[in-house]
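>>> 3D model of this:
(chains A, B and C)
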Amino acid sequence: MSQPPLHEPGLIEVFGAVLRRELTLAFRHRGELINPLMFFVIVITLFPLGIGPELNTLQRISPGIIWVAALLATLLSLDTVFRSDFEDGALEQMVLSPQPLPLIIIAKLAAHWMLTGLPLILLAPLLGYMLAMPVEALPPLMATLALGTPVLTLVGAIGVALTVGLNRGSALLSLLVLPLYIPLLIFAASAVDTAASGMSITGHLLILGALLVFTLTLAPVAIAAALRISTS
Amino acid sequence: MWKFIHKFASPKYFYNISGKILPPLGWITVALFAVGLVGALFLSPPDYQQGESVRIIYIHVPAAMLSMSCYVAMAVSAAIGLIWRIKLADIVAWAIAPIGMTMTIIALITGSLWGKPMWGTYWVWDARLTSELILLFLYLGFIALQTAIEDTRTAARASAILALVGLVNIPIIKYSVNWWNTLHQPATISKMGKPSIDASMLWPLLVMIAAYMCYFAWLTLKRARCEVIYRERNSSWVKKMVGEAS
Amino acid sequence: MLEVHGLTCERGERLLFENLSFSVRSGELLRIAGVNGSGKTTLLRLLCGLALPDEGEIHWEGKKVRTTSEQWRRTTSYIGHNLGVKLELTPLENLQFARAISGASSTEPLEALLDKVGLYGFEYDPCRTLSQGQRRRVALARLMFTRTPLWILDEPFVALDVAGIAFVADLLARQTDAGGMVILTTHQDTPLENKIIKELHLDSGNS
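Alright, predicted model coming up:
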C-alpha cells in the first residue's frame, strides 16, 4: 500500500466536522425541526385558556410559564439527541474515537442548541408580549434564555445519555432531569420578574452566567462518562 | 492499605464481619430508641408556644438530618464503586437509596404534621419542606434508573453518575430554594428548628439522632448483607456455606 | 503483540467465558468462532474497550493496557454489528465525519477511497438508497485511512457479494502483510488470504 502522509485533525477541525454533520443531519429532517418550537408555543397558549385572559394575572405568572415551557420543550427535543447514533452504531465510533469525547459531545449539543435553543430565544419576546409582559422585560427575558437554554441542553443531555439504552426512557428522563432544572428555573424566572418591576437584574444574570460556566465545564465530562456506560 | 480495602471489600469478608456487627448494633439501636422516645414523649417539657406538638421535632429533625446525609453517603459509595470498581460499594449505595428515601418521606410527613398547628395548613412552600421534596425526587430518580437498567453492574455505574450529578446540584438547589423562599414568603412564617434549645429538650433530641443513625447503619448493613449473598449466589463460597448449613 | 490473560465475562446470570487467554502476533489474523450466544461479540467489545471485563488483563507490546485509554483507541479500529453509517448522509459525508474523529489518518482523497471500495458513482447518494452490502463497504472504507495496528471486526463479510468478500479478504491480507493484526468473527467459511490464521473456539471452553 502506498503511504500518503498522515494528518491528525486539530480540536477545532473535529468540532467543526461534528457540528457540520449534526446540522446536515438535522436539515435532512427539516420537518422535525419545528416540533419543539410548536410545543413551546402551544404549551404557552394553554395557560391563558386555563387561567383566564385577565392581563394582570397573566403578567404575574408569565415569566414562570415561559420558562417552564422552555424547559419542557428542551427536554422533549433532547430525547432523541443520542438515540439514532446509539441505534446505528455511530455512538460507538464516537466513544472509540481518539479525539476527546467531551469535545464531540459539546459540538453535538452546540448544533442541537442552535436548532432548538436559539429559535426559542427569538420566539420568546412575542409570546411574552402576548402574556402581557411589559415591553422593557422582554430583552431581559431573552438574556435569561440566552444564558439558560445552553444549561438546559447540557444538563438534560446527562439524563439522555444515561437513558439512551433503555426502551422507554422518556418518562424516566423527566424524573431524572427536571429536579436538576430547578435552580435555573428559580433564578431565571425571578430575573424576568424583577426586570418587569423595573429593577436591575445584573446580579441575576451573573448567577445565570456562573451556572452556565459551571455546567459547561462539568456536564460534558458527565455526559461522556454516561455514554461510555450506555454503550457498554 | 489497598490490600486491606480490597480484603474488606471482598463479599465473603463483608458477609462474615457484618454478621458479627449486626446483632450488637441492633440492640444498641433498640436501647437508644427506648431511651430517646421516653425522653422525647414523657420527660421533656411541652413548648410554651407550640405545646405538645413540639414532640414531632424528635421524629422530624433526625429524619431530616439523615435524609440529606444518606444522599451524600449513597453518592460517595456509588462513586467509589464507579471509580475503583468495587462491587460492595455498589451494593451499599443500592442499600442506602430506599432508606434515604424513607427518611425523606418521614421528614416530609412529620414536617407537614408539625406545620398544621403552626401554619394552619399541612403544606406550605417553606424552604426546608420544598428542598426535602426535591430531595425525594432525586432519590426517586436514582431508584428508578437503577430498576430500569437490567444489568446490575451497568445499573450501578449509570446511577452512580446520576448520584454524583445530584450531589453537585444539591448545594445549588438548596441555595436557590432558600433564596426563592426569602423572595416570595413574608418573613413572619417561622422556620423549623430553633436557634436555641433548652437542655431538657436537647438531650432527647441528641439521643434520637444517635438512635436514627444506628438504625440507619444497622439497616444498611442488613440490606447490603442480603444483597451480597444474593448477587454472589453462584460463587463457590456461598454454595459451600449453604451446603454446610443444609 | 497482543496478549490476553484470564479474561472472564459474565452477563447477568450467565458466565460467557472464563479465564480466556490467547495471543495475537504481528502479521496474524485471529478468527473467533462459536455458536450464537457464545460471547463472540462481547469478546470483541471487551477487546476494543467498549465493555469492561469482569476479570483479566490485556497486554500490548508487553505492557498492560487500559482498554478505555486514548492510547488504546489510537491502536485499534473497531467495526461492529451496527456499522455507524448514517443513512441520511452520503458515503462521502459519512467518511468525512469518520476521518475527522479517527485520529491520525491518511490525506488520500475520499473519492478515490470510495472508488477503491467499489462505490464509484454512489459518492453523493444518501446511504439510505444503498444496499446492505454497499453500506458495509462504506463502513469498511474507514479501515483504509487509519493506520491502526489492530483491527477488530464483527462479521465483516456479512451481506457482501463475491466481489465484496474478495475485496475485504484482500484488505485483511494487506493489513497482516504490513505487520498489522486482525481479530474477527465470521460464520461462513470465507476465503481468507492471510498467511497466518489462528482460530479461537468459544463454545468449546478455552482454546
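>>> helices and strands of chain B: which one has the lowest mean pLDDT?
helix B:2-9 (a mean of 71; mean pLDDT, DSSP states H and E).
>>> That one: which residues count as buried?
Using 16 or more other Cβ atoms under 10 Å in any protein chain shown as the test for burial, helix B:2-9 gives residue B:9. Every C-beta, even on glycine, is put in place using the N, C-alpha and C of the backbone.
>>> Now do the contacts for residue C:66.
residue C:72 (Cβ atoms under 8 Å, 6 or more residues apart in numbering or on different chains).
>>> swap that for residue B:101, please
Residue B:101 sits next to B:136, B:139, B:140, B:143 when contact means Cβ under 8 Å, 6+ apart.
>>> Would you tell me what the next helix or strand after the one helix or strand it maps to is?
Element membership for residue B:101, per DSSP states H and E: helix B:87-119. Following helix B:87-119 in sequence order, the next helix or strand is helix B:127-148 (DSSP H and E).
>>> what about that next one, near chain A?
Yes: on the criterion Cβ under 8 Å from any Cβ of the partner chain, helix B:127-148 is in touch with chain A at B:134, B:137, B:138, B:140, B:141, B:144, B:145, B:148.
>>> can you list the residues of chain A near chain B?
A:158-159, A:162-163, A:165-166, A:169, A:172, A:175-176, A:178-180, A:182-183, A:186-187, A:190, A:211, A:218, A:222, A:225-226, A:229-230, A:232.
>>> Among those, which lie within helices?
Among the residues of chain A next to chain B, DSSP state H puts A:158-159, A:162-163, A:169, A:172, A:175-176, A:178-180, A:182-183, A:186-187, A:190, A:211, A:218, A:222, A:225-226, A:229-230 in helices.
>>> Now do the contacts for residue B:146.
B:94, B:97, B:155, B:156, B:158, B:159.
>>> Look up how far residue B:78 lies from it.
Per Cβ to Cβ, to the nearest Å, residue B:146 is found 10 Å from residue B:78.
>>> what is in contact with those two at once?
B:156, B:159.
>>> can you list the weak-confidence ranges in chain B?
For chain B, applying pLDDT under 70 flags the ranges B:1-3, B:184-197.
>>> Of all the residues in it, which one is nearest chain C?
Chain B approaches chain C most closely through residue B:151 (6.0 Å), counting by Cβ to the nearest Cβ.
>>> what secondary structure does residue B:175 sit in?
Using DSSP: H, G, I helix; E, B strand; the rest coil as the criterion, the local structure at residue B:175 reads helix.
>>> again with residue C:182
Using three-state DSSP, the structure places residue C:182 in strand.
>>> and it, what is it in contact with?
Residues near residue C:182 by Cβ under 8 Å, 6+ apart: C:28, C:29, C:30, C:150, C:151, C:153, C:172, C:175, C:176, C:194.
>>> Among these, find me the one that's closest to chain A.
The nearest member of those to chain A, counting by Cβ to the nearest Cβ, is residue C:175 at 9.1 Å.
>>> pretty sure the closest one contacts residue C:151?
Yes: Residue C:175 is within contact range of residue C:151, at 6.0 Å (criterion: Cβ atoms under 8 Å).
>>> what residues do the two have in common as contacts?
Common contacts of residue C:175 and residue C:151 (Cβ under 8 Å, 6+ apart): C:143, C:181, C:182.
>>> Of the residues you listed, just say which sits nearest to chain A.
Scanning the shared contacts of residue C:175 and residue C:151 for proximity to chain A, where the rule is Cβ to the nearest Cβ, the winner is residue C:143, at 11.3 Å.
>>> List the contacts of the spatially most central residue of chain A.
Nearest to the mean C-alpha position of chain A, by Cα atoms, centre = their mean, lies residue A:153 at 2.7 Å. Contacts for residue A:153 (Cβ under 8 Å, 6+ apart) come out as A:74, A:78, A:109, A:112, A:113, A:116, A:117.
>>> quick revisit: starting at the chain centroid, how far to the helix holding residue B:101?
In terms of Cα atoms, centre = their mean, to the nearest Å, the gap separating the centre of helix B:87-119 from the centre of its chain is 6 Å.
>>> can you pull the buried residues of the host helix or strand of residue C:167?
Taking DSSP H and E as the definition, residue C:167 sits inside helix C:162-177. For helix C:162-177, a neighbour-count test (16+ other Cβ under 10 Å) marks C:164, C:165, C:167, C:168, C:169, C:171, C:172, C:173, C:175, C:176 as buried.
>>> Using TSV, lay out these together with pLDDT and distance to residue B:68.
What follows is these, written out as TSV (pLDDT from 0 to 100; distance: Cβ to Cβ, whole Å):
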residue	pLDDT	distance to residue B:68
C:164	87	61
C:165	89	62
C:167	89	62
C:168	90	58
C:169	90	63
C:171	91	59
C:172	91	58
C:173	91	63
C:175	92	57
C:176	91	59
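>>> Most widely separated two among these?
The two members of those with the most space between them (Cβ to Cβ) are C:164 and C:176, at 19.1 Å.
>>> ok, back up a step: need the contacts of residue A:153 in CSV with pLDDT, secondary structure and distance to residue B:201, can you?
As requested, the contacts of residue A:153 are exported to CSV (pLDDT from 0 to 100; DSSP: H, G, I helix; E, B strand; the rest coil; distance: Cβ to Cβ, whole Å):
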residue, pLDDT, secondary structure, distance to residue B:201
A:74, 95, helix, 48
A:78, 93, helix, 49
A:109, 97, helix, 52
A:112, 96, helix, 55
A:113, 96, helix, 53
A:116, 94, helix, 54
A:117, 94, helix, 52
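>>> Might one say that residue C:113 is in contact with residue C:96?
No: contact criterion Cβ under 8 Å: residue C:113 and residue C:96 do not qualify, at 10.9 Å.
>>> Compare these two and say which one has the larger neighbour count.
The neighbour comparison of residue C:113 against residue C:96 (other Cβ atoms under 10 Å in any protein chain shown) goes to residue C:113, with 20 against 16.
>>> of all the residues in chain C, which ones are close to chain B?
Taking Cβ under 8 Å from any Cβ as the criterion, chain C approaches chain B at residues C:11, C:12, C:13, C:15, C:52.
>>> Redo the residues you listed as CSV? Include pLDDT and secondary structure.
What follows is the residues of chain C next to chain B, written out as CSV (pLDDT from 0 to 100; DSSP: H, G, I helix; E, B strand; the rest coil):
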residue, pLDDT, secondary structure
C:11, 77, strand
C:12, 70, coil
C:13, 70, coil
C:15, 81, strand
C:52, 87, coil
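>>> mind putting those residues in TSV, neighbour count and distance to chain A included?
Output for the residues of chain C next to chain B, formatted as TSV (neighbours: other Cβ atoms under 10 Å in any protein chain shown; distance: Cβ to the nearest Cβ, whole Å):
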residue	neighbour count	distance to chain A
C:11	14	11
C:12	10	14
C:13	7	18
C:15	13	18
C:52	17	7
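>>> Please tell me how far residue A:230 sits from residue A:71.
Using Cβ to Cβ, residue A:230 is found at 23 Å from residue A:71.
>>> buried sites along the helix holding residue B:101?
Across helix B:87-119, burial judged by 16+ other Cβ under 10 Å covers B:87-97, B:99-104, B:106-108, B:110-112, B:114-115.
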